[in-house]
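Enquirer: quick one: sequence plus predicted model below, questions after.
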Amino acid sequence: MDRIEEKLKILADAAKYDVSCSSGGSTRKNTGGVGDASVSGICHTYTEDGRCVSLLKILLTNHCIFDCAFCVSRKSNDIKRAAFTVEEVVDLTMNFYRRNFIEGLFLSSGIFKNADFTMERLLRIVKKLRTEERYNGYIHLKTIPGASAELVKEAGLYADRMSINLELPTEAGLKMLAPEKDHESVKKPLALVNDQIKAYREEGALSRYVPHFVPAGQSTQLVVGATPETDYEIMNVAQTFYKDYQLKRVYYSGYIPINNNNTLLPSVGTAPPLLRENRLYQTDWLLRFYDFRLEEILDAGHTQLDLDIDPKLSWALRHPEFFPVDINVAAYKSIIRIPGIGRQSATKIVQARQFGRLHEYQLRKMGIAFNRARHFMRCADTPITLGHLCMAKVKSLILEQAHSKYQNKTPAQLSLF
Amino acid sequence: MYYVFDGSYAGFLCVVFESFERKAFDTIPITASVFQSDFFREHREVLTDAMKAKRVQQGLARRLGEERARDFFRVFLSEDPQAWLSAYKIMLQLFRGDTGILGNYGDTDVLYFAQTLKKVDRERHRWKAFTRFSKSNDGLYFAVIEPDYNVLPLVTGFFRKRYADQAWLIYDVSRHYGIAYDTRSVSEVQMTKEEEIALPQVSITILLDERDAFFQRLWQQYFKSTNIEARKNLKLHLQHVPKRYWKYLPEKQ
């Protein structure tokens, strides 16, 4: 195997636990060189785990001075180490990009020597791409916590998105697994970049000649299932970060056990909590796009999301007084609360009903999950029923029809006696 | 009554023009290649006239705006006669003054039009993602595609903006034409039968850049390394990358 091939193998493998794959939201245009960061991102392929590949996601190096128990590149882990040179990363990026393999570069790194030394190397790469290669494709760059403000500010001029991972949702969890780190070291640089984005945006309103500064915004990642936080705690942290630092995304990453030496962590071979991760993303979407408040989905008395049903259905079952919603008169905001109807279908319904009252046969064709939605809505020809729906019955009806791959397929062993 | 046109978008628009000219509003647009003439099927040949077509398109743009008027072109590229008929009926309504008709999703034709538009758009997006270039030894980046719908005209602008400084060629093998870009302008290209037959083994007919195989290999390596075994989900993988695209993706070889 070629040396560069081996490096790519090691450093892609080490970077893959960072789940951010977004390549959209930027406004960078091609100015005579190569590439433009599309407003809508593009997933160029999907790995066998079903995750999208839009960026060349690599570490500059997996040498690291820290020893965080949840991280595969931790100092004490006995793995092969490698490091790319600046030229190698640039060459790989350009040749992958020109063949339309990727949408851009996702560059992270282990901390070698110190934060500034690492950040300076990352900066050199993105600067070379933008200025020498005249590359206008997408760049997602990690902010290295503890790096000096000057380096971070300069890097922001070349990157489309910057991010720092919070990793563990609570300070207590972090202290347990990564004693050298704290949440403050993440918050400070997030705030720094956010202030810069705002400053550049204000200036941009006055003049056309203001350069881009992290046009696709910032994101972070929370690891789920490594430490015992509840879903309510996790979503609370996410909410705070969305609000305080105007993050574009919070990613939730089901913890994949990679460390057998730490008894506090789930042992290697334990299945990652994929379903829980999915439910957290669904909640995140409800909060950002469906006008739900966190307290409607989770609260101090109800701290975990249901695993057998999604959070919107779960909310609906707890609120029979809200249903049935008459789709011929209800507001858009009420229609998107019907389980089985999304934002696009709701828009279609609101437009279509101006031409006449909508009947069941029309709804069936519009692309909604009709078998789910029918319990919660009323069309022009729905027979009128009196009183509230029995939600326990609705739930069992819906679950009967569902074919979830997570459902336990093998029935329990019957007892012999 | 069938109105037989030449298969071009301009020809399709001329069917609408002629319908109004002759006040014949129960016609069915069909291409010469699909239509089989027989005694019982009344039909009429519609000649393509660029000026007439332009007037229809401008009429659409006046009522809907340039961007939404282009949706008719997109739906036309689906090559689905059923969608053509829906688009045709919608245009008749539009020109009769019902300018809001495209929001009437309760109507079968409007819904079919919207769904076809979505299908074409999805296919267009897929080929923005799945088109893979190889580099030849004279610096040309070329790719072979085989889309379900005729989406090549819809991705040309995208690749032109993105790869403004490199010469490229994208060839649609199922429709026998391609688009070439020479860093200044784009043009349509056609190949001879022999050239096309040789396409699946392009690497034999076109001399590759010496480092091309190297980067294809690195890409395959990257694809393998970035996969998380513990999360394996082949069903989802297949849903996102259906098998019919695999032969054009080096990472799936």
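Expert: Perfect, thanks for sending it. Note that this is a predicted model, so its numbers are computed, not measured.

Enquirer: and the residue of chain B closest to chain A?
Expert: Proximity to chain A, evaluated over chain B using CB to the nearest CB, is greatest for residue B:236 at 2.9 Å. For the C-beta atoms, the positions are set from N, CA and C on the backbone; glycine is no exception.

Enquirer: for residue 112, give me its contacts.
Expert: No chain was given, so I picked chain A. A:61, A:63, A:64, A:65, A:83, A:118 (CB atoms under 8 Å, 6 or more residues apart in numbering or on different chains).

Enquirer: my question was about chain B
Expert: Shown in contact with residue B:112 (CB under 8 Å, 6+ apart): B:82, B:83, B:86.

Enquirer: what's the answer for residue A:327, then?
Expert: With contacts defined as CB under 8 Å, 6+ apart, residue A:327 is in contact with A:335, A:338, A:349, A:353, A:358, A:363, A:377, A:378, A:379.

Enquirer: ok, now how distant is the fourth one from residue B:117?
Expert: Relative to residue B:117, residue A:353 is positioned 21 Å away (CB to CB, to the nearest Å).

Enquirer: excluding chain neighbours, give the residue nearest to residue A:134 in space.
Expert: residue A:33 (2.7 Å; CB to CB, 6 or more residues apart in numbering or on different chains).

Enquirer: still on that earlier bit, and the contacts of residue A:112, which are buried?
Expert: A:61, A:63, A:64, A:83, A:118 (16 or more other CB atoms under 10 Å in any protein chain shown).

Enquirer: among those, which ones are in helices?
Expert: Counting by DSSP state H, the buried ones among the contacts of residue A:112 place residue A:118 in helices.

Enquirer: domains of chain B?
Expert: B:2-120, B:131-210, B:211-253 (automatic domain parsing).

Enquirer: the closest residue to residue A:304 other than its chain neighbours: neighbour count?
Expert: Spatial nearest neighbour of residue A:304, chain neighbours left out: residue A:231 (5.1 Å); criterion: CB to CB, 6+ apart. Look at residue A:231: counted by other CB atoms under 10 Å in any protein chain shown, it has 22 neighbours.

Enquirer: in chain A, where's the longest helix?
Expert: Assignment by DSSP H gives helix A:184-206 as the longest helix of chain A.

Enquirer: output that one as PDB, nothing but the C-alphas.
Expert: The C-alpha coordinates for helix A:184-206 follow below in PDB (Å, rounded to 0.1, in the frame of the first residue of the first chain):
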ATOM      1  CA  GLU A 184     -15.900  26.800  29.000                       C
ATOM      2  CA  SER A 185     -13.100  26.000  26.500                       C
ATOM      3  CA  VAL A 186     -15.800  25.300  23.900                       C
ATOM      4  CA  LYS A 187     -18.100  28.200  24.700                       C
ATOM      5  CA  LYS A 188     -15.400  30.800  24.400                       C
ATOM      6  CA  PRO A 189     -14.300  30.200  20.800                       C
ATOM      7  CA  LEU A 190     -18.000  29.600  19.700                       C
ATOM      8  CA  ALA A 191     -18.800  33.000  21.100                       C
ATOM      9  CA  LEU A 192     -15.700  34.600  19.400                       C
ATOM     10  CA  VAL A 193     -16.700  33.200  16.000                       C
ATOM     11  CA  ASN A 194     -20.300  34.100  16.500                       C
ATOM     12  CA  ASP A 195     -19.400  37.700  17.300                       C
ATOM     13  CA  GLN A 196     -17.300  37.900  14.200                       C
ATOM     14  CA  ILE A 197     -20.000  36.500  12.000                       C
ATOM     15  CA  LYS A 198     -22.400  39.200  13.400                       C
ATOM     16  CA  ALA A 199     -19.900  42.000  12.900                       C
ATOM     17  CA  TYR A 200     -19.200  41.000   9.300                       C
ATOM     18  CA  ARG A 201     -22.900  40.700   8.600                       C
ATOM     19  CA  GLU A 202     -23.500  44.200   9.900                       C
ATOM     20  CA  GLU A 203     -20.700  45.500   7.800                       C
ATOM     21  CA  GLY A 204     -22.000  43.600   4.800                       C
ATOM     22  CA  ALA A 205     -25.300  45.400   5.100                       C
ATOM     23  CA  LEU A 206     -23.500  48.600   4.400                       C
END
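
Enquirer: if we can go back for a sec, and the residue nearest to residue A:304, how close does it get to chain B?
Expert: Separation of residue A:231 from chain B (CB to the nearest CB, to the nearest Å): 20 Å.

Enquirer: quick one: contacts for that residue?
Expert: Counting by CB under 8 Å, 6+ apart, residue A:231 touches A:276, A:279, A:280, A:283, A:298, A:303, A:304, A:305.

Enquirer: residue B:97 versus the first one, what's the distance?
Expert: Between residue A:276 and residue B:97 the distance, using CB to CB, works out to 55 Å.

Enquirer: of these two, who's got more company?
Expert: residue A:276 (18 against 9).

Enquirer: what's the pLDDT at the more buried one?
Expert: pLDDT for residue A:276: 96.

Enquirer: confirm for me that it is in contact with residue A:235.
Expert: No: here residue A:276 lies out of contact with residue A:235, judged by CB atoms under 8 Å, at a distance of 11.9 Å.

Enquirer: which residue packs closest to the residue nearest the centre of chain B, ignoring adjacent ones?
Expert: Nearest to the mean C-alpha position of chain B, counting by CA atoms, centre = their mean, stands residue B:151 at 1.8 Å. Counting by CB to CB, 6+ apart, residue B:151 lies nearest to residue B:124, which is 4.3 Å off, once chain neighbours are set aside.
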